[in-house]
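Asks: Need coordinates for the below:
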Amino acid sequence: DAGASVGPVLGILAICIAICLVVAVGTAGALQRCYQRHQSTLDALATSSTVLLVTYQINVNLSKVHVYVGGESYGNPWDQVIRIAEVVTLDAFDFFHADCAVESADYTLKLYLATLLPISLAFIIMSFRVVWYKLFGGRVFDGTAVRVLLIILYWTLPSTSTVVASAFQCSYFDGGDEGVGGDGFVGFMTVDMTIPCGTDRHSWIRRYATLMIFTFPVGVPAVITVLLWYRRREIEDREDRDGGPELRVLSLFFQSFAPEFWFMAPLDMLRRLSLSSGLLAFNNKTTQITVALFISAAYPLAMRELKPYFDQVSDRLSYICGYEIFCSVLALLFQDVREDLGIDSYLISWFLIVTNVGIVTLNGRLQYKQTKVEKRVGVLQPQEAPEAQGGTAGEGGG
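Replies: The predicted structure is shown next:
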């Protein structure tokens, strides 16, 4: 029944994508003119949307990895909201229940799909760029296709890395005389209890996952850091968010930040990884939540001191979202000890809901205020406060 339900969902999704493509092609000219008229506002909105999406992606992953090691999830009704928000993790395998569509599917299928699909896509795109370079010149690492590849890697990296990192944990049970090594216990992979630990198949999965660890959570941030470092002079000298044409393919990673903070995107990727797949390095739920508390507490403090974003609205939003993540980690901790301390998980859940609604509302208000300032005095430069702009305008008017 589950497998039969996958087909209609995929069909509806394909129809929606086709309709969106047709609409996008038909309105491309109008959209381009609209973007040029409101570029500054739309760029700022894109930055704040990225901050919010990353925040909810972290919230979803925190719950998943904590439950994985035996911890509790968020209390209802916030847990239900988080389950709906799982779409932001871009884990298509879980979202569409692809395991229901494939007979005898297990963890290895998910592992191969999560890793080989982006690797194949990267190989195809970069091969095309090499051929293009040989025939027409230009730069190999350029073009819309490469930009799309980087966007896909940026957003799917935490979910892909979590799938890979899940290969290293085993759960052991009393097996009586059938215990491995005569100790009375048998082990199975925590992520998939149909795969016994200590077998040749399990050893192959671990070796493959080790290779993918160096490919995704280590390799992707490292490659992006090298690319940004190579163009750091152009990034630091740019006069707007996107910089010149030579920076277009990399603009995703620096357009949200002030010129001198060209390295912030890889650091933020490491934060996202450390609060998702990185936490799977700790099998004990208490140790895991302690590490998550330390990381989530350090981030807003760093944002308060550095103020790395291109505009102050995004700095404020990032600072507030950092504390929202800290509150989410605390909520998971309280869920673990709620029975011992008599904590009302329902109350904590509603606190998180109200907090997140407040963050979205505050972001809308700040964006509206900044838009009004820009209409009065022109496009904001990096780190020009709306209050300062408004004061200058008032003095000029006087």
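Asks: make it CA atoms for all contacts and neighbour counts henceforth
Replies: Fine.
Asks: Strands of the stretch 201-350 of the chain, start to end?
Replies: Using DSSP state E, counting those that start in this stretch, no strands are found in the stretch 201-350 of the chain.
Asks: What are the boundaries of the helices in it?
Replies: Applying DSSP state H, counting those that start in this stretch to the stretch 201-350 of the chain gives helices spanning 219-230, 232-237, 264-274, 285-306, 312-341, 345-377.
Asks: With mean pLDDT, distance to residue 157 and mean neighbour count as extra columns, can I get the ones you listed in a markdown table?
Replies: Shown next, in a markdown table, are the helices of the stretch 201-350 of the chain (pLDDT from 0 to 100; distance: least, CA to CA, whole Å; neighbours: other CA atoms under 10 Å):
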| stretch | mean pLDDT | distance to residue 157 | mean neighbour count |
| --- | --- | --- | --- |
| helix 219-230 | 95 | 8 | 16 |
| helix 232-237 | 93 | 23 | 17 |
| helix 264-274 | 96 | 8 | 18 |
| helix 285-306 | 94 | 19 | 17 |
| helix 312-341 | 91 | 19 | 20 |
| helix 345-377 | 84 | 24 | 16 |
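Asks: With distance to residue 249 as added columns, please give those helices in CSV.
Replies: As requested, the helices of the stretch 201-350 of the chain are exported to CSV (distance: least, CA to CA, whole Å):
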stretch, distance to residue 249
helix 219-230, 10
helix 232-237, 12
helix 264-274, 14
helix 285-306, 26
helix 312-341, 22
helix 345-377, 26
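Asks: low-scoring stretches of this protein, by residue?
Replies: 1-14, 16-17, 20-21, 23-39, 92-104, 175-184, 374-398 (pLDDT under 70).
Asks: again, 80 this time
Replies: Where the chain drops to pLDDT under 80, the residues are 1-44, 87-105, 174-185, 368, 370-398.
Asks: thought residue 189 was touching residue 171?
Replies: Yes: proximity of residue 189 to residue 171 meets the contact threshold set by CA atoms under 8 Å, at 6.1 Å.
Asks: Which one's more surrounded, these two?
Replies: residue 189 (20 against 16; other CA atoms under 10 Å).
Asks: and the closest residue to the more buried one other than its chain neighbours, what does it touch?
Replies: Distances taken as CA to CA, 6 or more residues apart in numbering put residue 170 closest to residue 189, at 4.4 Å, once the chain neighbours are dropped. Neighbouring residues of residue 170 by CA atoms under 8 Å, 6 or more residues apart in numbering: 187, 188, 189, 190, 197.
Asks: still on that earlier bit, so which of the helices of the stretch 201-350 of the chain is nearest residue 164?
Replies: Closest of these to residue 164 is helix 264-274, at 12.0 Å (criterion: CA to CA).
Asks: quick one: that closest one to helix 285-306, angle?
Replies: Going by axes from the mean of the first three to the mean of the last three CA atoms, to 10 degrees, helix 264-274 is angled at 160 degrees with respect to helix 285-306.
Asks: so which helix or strand takes in residue 194?
Replies: Element membership for residue 194 (DSSP states H and E) is strand 192-196.
Asks: Walk me through which strands that strand pairs with, and which way each runs.
Replies: Sheet pairing for strand 192-196, assigned by DSSP bridges, gives strand 185-189 (antiparallel).
Asks: which parts of the strand it pairs with are buried?
Replies: Judged by neighbour count (16 or more other CA atoms under 10 Å), strand 185-189 contains these buried residues: 185, 186, 187, 188, 189.
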